[in-house]
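A.B. asks: coordinates for the following, if possible.
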Amino acid sequence: MRELVLTPRFERSFRRVVGKHPAVRAQIETTLRRMTADINDPRLKTPHLSGHLAGLHACTVNYDCRIVFSKQKRPKTDAEVLILVNIGTHDEVY
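C.D. replies: Next up, the predicted model:
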């Protein structure tokens, strides 16, 4: 299992997305569970990003909702940590 760390930007964006589209909350929660279980799950469609988002990754929640995140390792335990950076529509996060 991976640990999820939510940045303040992600938390604000999450509240905005769920406020506009309450039905997407369940889809986001399912996606977050999949991320902690297996980040390479093909349903997540997890590409490496380039350009000004180089070094980050993204995954798909639904047709038009994406989560941008960073993968890091804990120095002492070598456990993988996913830092959630942003969430929103394709145009909002890229």
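A.B. asks: in three-state terms, label the residue nearest to the spatial centre of the chain for me.
C.D. replies: Centroid-nearest residue in the chain: Ile67, 3.3 Å away (criterion: C-alpha atoms, centre = their mean). Judged by DSSP: H, G, I helix; E, B strand; the rest coil, the three-state class of Ile67 is strand.
A.B. asks: list the beta-bridge partners for it.
C.D. replies: Cys59, Ile87 (DSSP bridges).
A.B. asks: excluding sequence neighbours, find me the nearest residue to Asp41.
C.D. replies: Leaving out its chain neighbours, the residue that sits closest to Asp41 by C-beta to C-beta, 6 or more residues apart in numbering is Arg34, at 5.0 Å. C-beta coordinates here come from the backbone N, C-alpha and C atoms, glycine included.
A.B. asks: how near is the one you found to His90?
C.D. replies: Relative to His90, Arg34 is positioned 19 Å away (criterion: C-beta to C-beta, to the nearest Å).
A.B. asks: neighbour count for those two, which is higher?
C.D. replies: Neighbours per residue (other C-beta atoms under 10 Å) separate Arg34 from His90, with Arg34 holding more: 16 against 12.
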